[in-house]
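Novice: Got a predicted model here, sequence first, then my questions.
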Amino acid sequence: MSETAAQHDYLEAARSEDLKLGEVTELGVVTEFEQNIIDSLKGPGAHLLQGARGVGKTTLLRLAEASLDDEFESERTLAVYVNFKTSTLLEGISAGQKSAFQIWINTKILQAVHEKLLILKLLEASGKADPYEKVFGIAGVEQTGTFLTKKLHQIQRLAFASDKAAVEKELGDDFLNNVFDPSFLGGVLKEVVEKFALRRIVLLFDEAAHTFIPAQQEIFFELFKYLQGGHIACKAAVYPTVTSYGRNFELGHDAVVLSMDRYEPAGIGRKLFRNQFREIVDRRLPKSSKKRKEIFSHGELLDLCVDVSTGNPRAFLHILTEVIRNGFSARAVSLAAQSYVDRELLPYHSNLEKRLPKYAAHVRVGMEMLRHYIISEIRKKNRSETKSRYQAAAFTLSVRDVSPNLRLALDILSYSGSLLPKGTVKIANQRTGQRYVVNVALLLSERAFASSDLKQSLDAISLTDYREFSASDSHLETYVAELKAPSDSCPNCSQQLLPNGRFCAHCGCRIDQGSTVISGLLEDSVDVLSISDRLRDRIRPKFPKVGHIVQAEREELMTVDYIKDVRSRMIKNAADEYISG
């Protein structure tokens, strides 16, 4: 690790986006599990990196990029990382009767490719080697970069502009018509490959399917499929179960899925990810740090923090930071787990009602079912167990018999990190069941284990011991009945709307059929952002709403006392993540 990185405390920089690429490579901890994924991301073919938020998808995409950059002279493979995290702003927005989102993602790809050509010094300052010069009629490498950045800002301004026609005029018909066309983008990329004698371009798409907007997801995967092949390899980070690929994209055929599931509660798997998470801490703190010495002097409690995180690095860093504040003890770990559930997990899941107004009932009822019935049954099983020393943290449901509404509710719970899909197992009557692990911190907060001793409870968890549920379970059917006929919900209060209603009968909010989810998210208080209380308190007077943060430049955030380069990046990333889903 470099002296610069070694001298800083990175423990609270829980998102990979909070770090520069050099910092990612210095702080990233790669085991054989991660290295196999990185190798796939670097190679030919289409891959989807699948995992819940916080498990490290972005880190692996960026590590693959850094590795290909290091090998470029010998391998001639151009790695291009493209982040789509603010795509939600363009929900339902058009530009010259065309999808502003499609124009935006094509422009983002062009910009990212151009920036990488500059980073690797493949472009000359004179601009003579710039393949974009002919395309956009711009003489000069720097001018091309400025041009594309300006166009991206103009496209995003469409989301806020009162005079959209004026913004569309600034964008220009030629630009809109060309960049909207996938064949135009494909042609530019082909010319880049030929001009610079590349073996291939590897496009590493991040946050492409972060948003819950199916129309955007389907547009992206149409483009993904169009570009993939020959000298272009497409990779994308996606979320389990909820990504909408559209009718023309087939998992396994059009792209290979790479799973990020690393959680194991026992045996060699548990030891490996405990060691990995310990190294994460080791790399993020200076060697001389008192905090570092204190953490590693409480090794058993550190391991408990790892176990409680259910294999999620971001959750682990949140829990560990809370333990450090409250003093190291088993009780502090339990309180940190409760705090994580109350302040991160449950609010995030509940907030999905705003993002999924049509499925607000699935969000709400799914969590009620999990907390008040499924976990309750796991608790009964654990406390009545007499022969086995094991404790259950998982449950199963028949693969074939689960209703679509129940499956969707479980899918959304998996997206929020409340559940972890853990493959299929054999269940009663020679059937196959989908196994779900319940978030361990949530189980602890609901007192689902027989022992009050934290270490004893965590040591006893076994994935082979689970509560089986039948699809005909009368209690489950009661919850499913609430989901059978979900109607659209009010974007303001999430109450169900009457069919074709123009106003909400509960709060009186006018229902605009063309309105978007994003407007409500931008009006939310900065208190909803996943940042520390200290950062919220500092920015709230000048930037009280999420929308204020999204529209602000980082330089504006840095006018606030004690908010500089690293913290401004953390705040911007938290706001972008909030509106993205």
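Specialist: Arrived safely.
Novice: For the stretch 1-150 of the chain, give me the ranges with low pLDDT.
Specialist: In the predicted model, the stretch 1-150 of the chain carries pLDDT under 70 at residues 1-7, 125-128, 139.
Novice: where exactly do the strands run in it?
Specialist: Across the stretch 1-150 of the chain, reading from the start of the chain, the strands by DSSP state E, counting those that start in this stretch fall at 47-50, 77-83, 94-95, 98-99.
Novice: Kindly report the same for the stretch 201-350 of the chain.
Specialist: In chain order, the stretch 201-350 of the chain shows strands spanning 232-238, 256-259, with DSSP E, counting those that start in this stretch as the criterion.
Novice: out of those, deepest packed?
Specialist: Per-stretch averages of neighbours, counted by mean count of other CB atoms under 10 Å, single out strand 232-238 among the strands of the stretch 201-350 of the chain, with a mean of 25. To be clear about C-beta, it is placed using only N, CA and C from the backbone, and glycine gets the same treatment.
Novice: Can you list the neighbours in contact with that one?
Specialist: Defining contact as CB atoms under 8 Å, 6 or more residues apart in numbering, one finds that strand 232-238 is touched by 41, 43-51, 57-58, 61, 64, 186, 189, 193, 200-209, 220, 224, 227-228, 255.
Novice: and what of stretch 262-270?
Specialist: Here stretch 262-270 makes contact (CB under 8 Å, 6+ apart) with 33, 55, 272-273, 307, 310-311, 393, 420, 422, 437, 440, 458-459, 461-463.
Novice: buried residues in it?
Specialist: Of all the residues in stretch 262-270, those buried under the rule 16 or more other CB atoms under 10 Å are Arg262, Tyr263, Glu264, Pro265, Ala266, Arg270.
Novice: nearest to Tyr415, of those residues?
Specialist: Of all the buried residues of stretch 262-270, the one sitting nearest Tyr415 is Tyr263; the distance, using CB to CB, is 16.1 Å.
Novice: distance of Leu521 from Val528?
Specialist: With the distance defined as CB to CB, to the nearest Å, Leu521 ends up 9 Å from Val528.
Novice: hey, what's in contact with both of the two?
Specialist: Common contacts of Leu521 and Val528 (CB under 8 Å, 6+ apart): Val546, Tyr578.
Novice: gap between the longest helix along the chain and the chain center?
Specialist: As far as residue count goes, and with DSSP state H defining each element, the longest helix of the chain is helix 100-119. Here the centre of helix 100-119 is set off from its chain's centre by 21 Å, with CA atoms, centre = their mean, to the nearest Å.
Novice: could you say what helices and strands it packs with?
Specialist: Using 3 or more CB pairs under 8 Å, 6 or more residues apart in numbering; DSSP states H and E as the contact test, the elements touching helix 100-119 are strand 77-83, helix 141-157, helix 173-180, helix 182-195, helix 214-227.
Novice: Let me see the contact set for Asn351.
Specialist: When the contact criterion is CB under 8 Å, 6+ apart, the partners of Asn351 are Val528.
Novice: Go again with 6 Å.
Specialist: When contacts are counted by CB atoms under 6 Å, 6 or more residues apart in numbering, Asn351 touches no other residue.
Novice: which is the next helix or strand following the helix or strand that it is a member of?
Specialist: Per DSSP states H and E: Asn351 is located in helix 346-355. Under the assignment DSSP H and E, the closest C-terminal helix or strand after helix 346-355 is helix 360-369.
Novice: Pull out the buried positions in that following helix.
Specialist: In helix 360-369, residues buried by neighbour count (16+ other CB under 10 Å) are Ala360, Ala361, His362, Val363, Arg364, Val365, Gly366, Met367, Met369.
Novice: ok, and the closest non-adjacent residue to the fifth one?
Specialist: In this case it means Arg364. Glu353 (6.4 Å; CB to CB, 6 or more residues apart in numbering).
Novice: what about the one you found, neighbour count?
Specialist: 19 (other CB atoms under 10 Å).
Novice: can you pull the pLDDT of it?
Specialist: The predicted structure scores Glu353 at 84 on the pLDDT scale.
Novice: Relative to Ser462, how far out is it?
Specialist: 34 Å.
Novice: Equivalent analysis for Glu482, please.
Specialist: Looking at Glu482 against Ser462, where the rule is CB to CB, the gap reads 32 Å.
Novice: do the same with Lys358
Specialist: Between Lys358 and Ser462 the distance, using CB to CB, works out to 38 Å.
Novice: do Gly187 as well
Specialist: Spatial separation of Gly187 from Ser462 under the definition CB to CB is 55 Å.
Novice: Specify which residue of those two has the higher count of neighbours.
Specialist: Under the neighbour definition other CB under 10 Å, Gly187 and Ser462 were set side by side, and Ser462 has more, 17 against 14.
Novice: ok, the closest residue to the more buried one other than its chain neighbours - contacts?
Specialist: Beyond its immediate neighbours in the sequence, the residue positioned closest to Ser462 (CB to CB, 6+ apart) is Tyr390, lying 4.0 Å away. Tyr390 makes contact with Ala460, Ser462, Asp465 under the criterion CB under 6 Å, 6+ apart.
Novice: now do Arg274
Specialist: Asp303, Val306.
Novice: now do the one 10 residues further on
Specialist: The neighbourhood of Arg284, defined by CB under 6 Å, 6+ apart, consists of Tyr10, Leu11, Leu27.
Novice: Cross-reference those with the helices and report the matches.
Specialist: Judged by DSSP H, the subset of the contacts of Arg284 located in helices is Leu27.
Novice: Looking at the contacts of Arg284, which is nearest Asp70?
Specialist: Of all those, the one sitting nearest Asp70 is Leu27; the distance, using CB to CB, is 16.5 Å.
Novice: Run through the helices of the stretch 351-500 of the chain in chain order.
Specialist: 360-369, 375-384, 404-415, 440-445, 454-460, 474-481 (DSSP state H, counting those that start in this stretch).
Novice: What residues sit buried inside the helix holding Asn351?
Specialist: Buried-residue list, helix 346-355, by 16+ other CB under 10 Å: Leu346, Tyr348, His349, Asn351, Leu352, Glu353, Lys354, Arg355.
Novice: With stretch 284-292 instead?
Specialist: Neighbour-count burial for stretch 284-292, counted by 16+ other CB under 10 Å, picks out Arg284, Leu285, Pro286, Ser289, Arg292.
Novice: ok, now which ones touch the last one?
Specialist: Looking back up the chat, that one is Arg292. Residues in contact with Arg292 (CB under 6 Å, 6+ apart) are Leu285.
Novice: Distance check, it against Leu11.
Specialist: Applying CB to CB, the value for Arg292 to Leu11 is 9 Å.
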